[in-house]
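Asker: Just the structure for this:
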Amino acid sequence: MKLQVGTDAKLPLCRFPSTDSPQRENAAFAGRAWWTIWGVLALLIVGNAFMAIKLFSLSRELKSIENQVVFNQSSYGDAVANEIDIEYEQEDDVEDIRQLEQLKLRPKRSPKNKLRPVCHLVGIGNTGNRNDPTYFSWARPDVRNSPSISTCHMNVLPKTREVKSILINKSGLYYVYAQVTFRTGGAQNSAIQVVRSDSVRNVSLMTSVVKQQTTGGATVSDSVSVGGVFYLRSEQRLSVADIRSSVQPSNIDQRSDYSYFGVVFLSKK
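Answerer: Purely as a prediction, here's the structure:
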C-alpha cells in the first residue's frame, strides 16, 4: 500500500459501527408497543361503552315491551270485566222490565186494600147503654183515643160511634174470635153466638154457654170465648149475638181487655 504525502494527499475513510443504533431501535419498538397497547385498551373501552349503551337501549326496549304487554293485559281484563258488567246490567234491566210488566198486569188496589184484612174491636166501656139487646156493640176504631188497642182495616157497620158488624171485603179463610165477660149477682146462664149474615139469611158459626154462680153474696165474673177458622165471602157480615137477651147492660164488663171481637184474614183458599 502506498501512502501519499502532501497536502493534497487523500486518506481513505473508515466507518465504524455506531453504538446508539440498537438503543434507538429498542426505544422505538417500546414506543410502538405502548401505543399499540393503548390503542387496544382504547378499543376495548370504546367497545365496552358501546355494548353498555346497546344493553341499556335493549333493556329500555324490553321494559317498554313489558309495559305494553301489561297494559294490553290490563286493557283486555278491563274490557272483559266491562263486558261482564254490561251483561249483568242488561240482565238486571231485563229483570226490572219483567217486574214492571208484572206490576202493570196486577189489578190496581185502593189504599185501604193494600193492608191485610184484619179487624179487632173492643167493648165500648161500662156505659150501660144497649139500644139493641140482640147484638153486642163495639167501639168504632177511628174514634178511640188509643188506636193500638182497637184497629181495623175493614169496613164496620153501622157508621156510628157504636158498631155491631164487621163487613168482609175479600173472600177467603178467616180466623174469627170473640169474648164477652159477664158479671152477675146471682146464678144465671150466659151465652154468645157469632152470626154470619148476608142478604139471604143469618147463620150461626159458633156458640158458647157458661153458667155463672155466686156464693155468699159475692159477685162472680166469667168470660165466654169462641174462636175458629171459616171461609167467608165478600159482602158477608159478622156479628156477636147475645142469646140470653135478658142480661142487663150493667152485668157486662165492656172493658177493652175483657170483651172484644175480631177477624184475621189467613188466605184466599
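Asker: In terms of pLDDT, where does residue 110 sit?
Answerer: pLDDT, residue 110: 53.
Asker: cool, residue 143 as well?
Answerer: pLDDT, read off for residue 143, is 51.
Asker: can you give me the strands for the stretch 51-200 of the chain?
Answerer: Along the stretch 51-200 of the chain, the segments classed as strands by DSSP state E, counting those that start in this stretch run 118-122, 138-139, 151-152, 155-157, 162-163, 165-167, 172-184, 188-197.
Asker: Kindly state which of these is positioned closest to residue 32.
Answerer: Nearest of these to residue 32, taken as Cβ to Cβ: strand 118-122 at 120.2 Å. Using the backbone N, CA and C atoms, a C-beta is placed for each residue, glycine as well.
Asker: Just the angle for the closest one relative to strand 172-184, thanks.
Answerer: 10 degrees (axes from the mean of the first three to the mean of the last three Cα atoms, to 10 degrees).
Asker: avg pLDDT for strand 118-122?
Answerer: On average, strand 118-122 scores 93.
Asker: I'd assumed residue 225 was in contact with residue 208.
Answerer: Yes: contact status for residue 208 versus residue 225: in contact at 6.4 Å, counting by Cβ atoms under 8 Å.
Asker: More neighbours: these two, which one.
Answerer: The residue with more neighbours, out of residue 208 and residue 225, is residue 208; 18 against 14, by other Cβ atoms under 10 Å.
Asker: What strand or helix carries that one?
Answerer: In this structure, residue 208 sits in strand 202-212 according to DSSP states H and E.
Asker: any idea of the mean pLDDT for that strand?
Answerer: pLDDT averaged over strand 202-212 gives 83.
Asker: so after that strand, what's the next helix or strand?
Answerer: Following strand 202-212 in sequence, per DSSP H and E, is strand 220-232.
Asker: neighbouring strands for that following strand, and are they parallel or not?
Answerer: Its sheet considered, strand 220-232 pairs with strand 172-184 (antiparallel) by DSSP bridges.
Asker: Distance of residue 99 relative to residue 115?
Answerer: Separation of residue 99 from residue 115 (Cβ to Cβ, to the nearest Å): 22 Å.
Asker: quick one: contacts for the spatially closest residue to residue 160 that is not a sequence neighbour?
Answerer: Leaving aside its sequence neighbours, residue 160 sits nearest to residue 140 (Cβ to Cβ, 6 or more residues apart in numbering; 7.2 Å). With contact taken as Cβ atoms under 8 Å, 6 or more residues apart in numbering, residue 140 is in contact with 156, 160, 161, 162, 163.
Asker: so of the strands of the stretch 51-200 of the chain, which one's packed in deepest?
Answerer: Highest mean neighbour count of the strands of the stretch 51-200 of the chain: strand 138-139, a mean of 25 (counted as mean count of other Cβ atoms under 10 Å).
Asker: can you list the residues that contact it?
Answerer: 121-125, 150, 156, 161-164, 256, 260-261.
Asker: would you turn these into TSV with distance to residue 28?
Answerer: Conversion of these to TSV gives the following (distance: Cβ to Cβ, whole Å):
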residue	distance to residue 28
121	136
122	135
123	141
124	142
125	142
150	132
156	136
161	141
162	144
163	139
164	144
256	135
260	136
261	138
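Asker: Return the closest of these with respect to residue 49.
Answerer: Checking those against residue 49 by Cβ to Cβ gives residue 150 as the nearest, at 101.2 Å.
Asker: wait, isn't that closest one in contact with residue 123?
Answerer: No: using Cβ under 8 Å, residue 150 is not in contact with residue 123; the gap is 9.5 Å.
Asker: If you count surrounding residues, which of those two has more?
Answerer: Between residue 150 and residue 123, counting by other Cβ under 10 Å, residue 123 is the more crowded of the two (24 against 21).
Asker: burial measure for the closest residue to residue 196 other than its chain neighbours, as a count.
Answerer: Spatial nearest neighbour of residue 196, chain neighbours left out: residue 203 (4.7 Å); criterion: Cβ to Cβ, 6+ apart. Using other Cβ under 10 Å, residue 203 has 12 neighbouring residues.
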